[in-house]
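Student: The amino acid sequence is not available; the structure is as follows:
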Ligand SMILES: CC(=O)SCCNC(=O)CCNC(=O)[C@H](O)C(C)(C)COP(=O)(O)OP(=O)(O)OC[C@H]1O[C@@H](n2cnc3c(N)ncnc32)[C@H](O)[C@@H]1OP(=O)(O)O
C-alpha cells in the first residue's frame, strides 16, 4: 500500500474516495453553503493507493488546540475524513494509514491526537479512548420554569433584563466575528473544548449537518454591552432546538437557558449538547422536567507522549502514582512515576511497582477527567495493584469541570 500526502492535483481523488467510503455526503445546509471538506488542507490529507495506483483510502487531520484541565490549551491533531473503499476493507488499509498518521503527528512535535468516531469499535485498537461525552436535554415548555438565581440574567424577553444583561437576536451571518470571539474565550476555559480556526468560521464549517430551517443566534451581553455568550437555535414544528450554548460563565449559561426556555410558540426546547453533570437540570424547578437522551461519546483522545501529556495538564491535588502503560499498536510499554505537587506534575521513568496497569486508550479516556479511573478498574480495563490506588487516581485525574466538546469535525 502506497500512502502519501495529498497534493492539489489529487485532492479531487481524495474527496471522491471519501464520498465513496461514506456512501453519502455530509453536507451542512446553512446559508452560504458550508462544505465540510472545504476546511481540509491538502498537505494534511493522506491518500492510500494500491500497487497499480488506484486510490482506496483517505485520512486527514486538522490543526486544533485542545483545552486541558487547568485551562491549558495545547496543539493537537484532529483526525477526520477517514475512509476506505468498501471493496478494500478489512485488509489493513486503515491500520497502515493510522500508523503513518501517528508518526506524522509525533514528527510535528505534538503529543495528542483526537477524533470523533463514526463507530465505537474502530479506534481503541489504535490507542484512542473516549474522553468526553455529551447528551441531549429535552424540556417541555410548560414545565420549563427555572428556580436558578437571576444574577446577571435576562427576563426571558428580548432586551435589557433587571440586572442589565441583555439578549439580542441575530442571524448567524450578521455576527460571525462576534461568535468567533465569544467561542474563543469560552473554549480556553472549558476542558475538552477545541479551537475553531478563523477559516472555519468563514467557511461555516464545524457544524454537523443540520436541518435547513432558519437559524437564529441569541447573543448575550454583559452590563457593559460586551458579548459573553450565545445560543444558536432553529424552530421547527413547535420544537426549539439549540445547537450550541456557548457561555463564558455559568450565570451567562443560565441567562441563555432562561431565554430559550421562555420562547413563545414552542412546545419543547431541545439542548443538543449538554455536558455530563451540567447544573441546568438542577436549575429546573421541576427536577423531572428535563429528559436526557442520546448520551454518547464525543471526543476520543490518543496520547503519543505520556510524560509530556501528563505534565501539560493542570492538577488540583497533590499525589503520586506509578502507571504501567501498554501501547500495543505502537509496540511500546513504559512505566511512569507521576508526582503532582502544587498543581504541577512531574513524570519520569521508574521501575517501582505499579499502582495501576492500563492500556494507552484507557489513559486517553481518563486524561481529561471525564471518566473516573475506578470506573475502568470496575469494568476490568484498568488493573489496580493496591487498595486505594483507584480512589487516589480518581481524585488526581478529576477536572474542575467535566470536559466537554461540541465541535464537530
Ligand atoms: C475520525 C473519522 O473520520 S471516523 C470515520 C471512519 N470511517 C467510516 O466510518 C467510513 C466507513 N468505513 C470505512 O471506511 C472502513 O470500514 C474503516 C475506515 C472504518 C476501516 O478500514 P479498514 O481498512 O477496513 O480497517 P483495517 O482493515 O485496517 O482494520 C483493522 C482492524 O480493525 C477492525 N475494524 C475496522 N473497522 C471496523 C469496524 N467498523 N467495526 C469493527 N471492527 C473494525 C478490523 O476488523 C481489523 O481487525 P483485526 O486487526 O482484528 O483484523
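Tutor: On my side now, so go ahead. If you're wondering where the values come from, they're calculated on a predicted model, not measured in any experiment.

Student: How about residue 319: what's its closest non-neighbour residue?
Tutor: Counting by Cβ to Cβ, 6 or more residues apart in numbering, residue 396 is the residue found nearest to residue 319 once chain neighbours are left out, at 4.9 Å. Where you see a C-beta, it was placed from the backbone N, CA and C, and this is true even at glycine.

Student: I figured that neighbour was touching residue 314, is that so?
Tutor: No - counting by Cβ atoms under 8 Å, residue 314 is not a contact partner of residue 396; they are 11.4 Å apart.

Student: out of these two, which sits in the busier spot?
Tutor: Set side by side, residue 396 and residue 314 show unequal neighbour counts under other Cβ atoms under 10 Å, the larger going to residue 396 at 20 against 17.

Student: list the buried ones in the helix or strand hosting the more buried one?
Tutor: According to DSSP states H and E, residue 396 maps onto helix 389-397. Of the residues in helix 389-397, those buried by neighbour count under the rule 16 or more other Cβ atoms under 10 Å are 389, 390, 392, 393, 394, 395, 396, 397.

Student: how many other residues sit next to the closest residue to the first one other than its chain neighbours?
Tutor: What sits nearest to residue 389 in space, not counting adjacent residues and going by Cβ to Cβ, 6+ apart, is residue 355, at 4.0 Å. Applying other Cβ under 10 Å, we find 22 other residues in the vicinity of residue 355.

Student: Go ahead and report the secondary structure state at residue 9.
Tutor: Here residue 9 is recorded as coil under DSSP: H, G, I helix; E, B strand; the rest coil.

Student: Dig out what the residue of the stretch 201-350 of the chain found nearest the ligand forms beta bridges with.
Tutor: Taking Cβ to the nearest ligand atom as the measure, the stretch 201-350 of the chain has residue 300 as its residue closest to the ligand, at 8.1 Å. Taking DSSP bridges, one finds residue 115, residue 130 as the beta-bridge partners of residue 300.

Student: And for it, the neighbour number?
Tutor: The criterion is other Cβ under 10 Å. On that basis, residue 300 has 25 neighbouring residues.

Student: check contacts around the closest residue to residue 8 other than its chain neighbours.
Tutor: Leaving aside its chain neighbours, residue 8 sits nearest to residue 42 (5.6 Å; criterion: Cβ to Cβ, 6+ apart). For residue 42, the set of contacting residues under the criterion of Cβ atoms under 8 Å, 6 or more residues apart in numbering consists of 5, 6, 7, 8, 11, 14.
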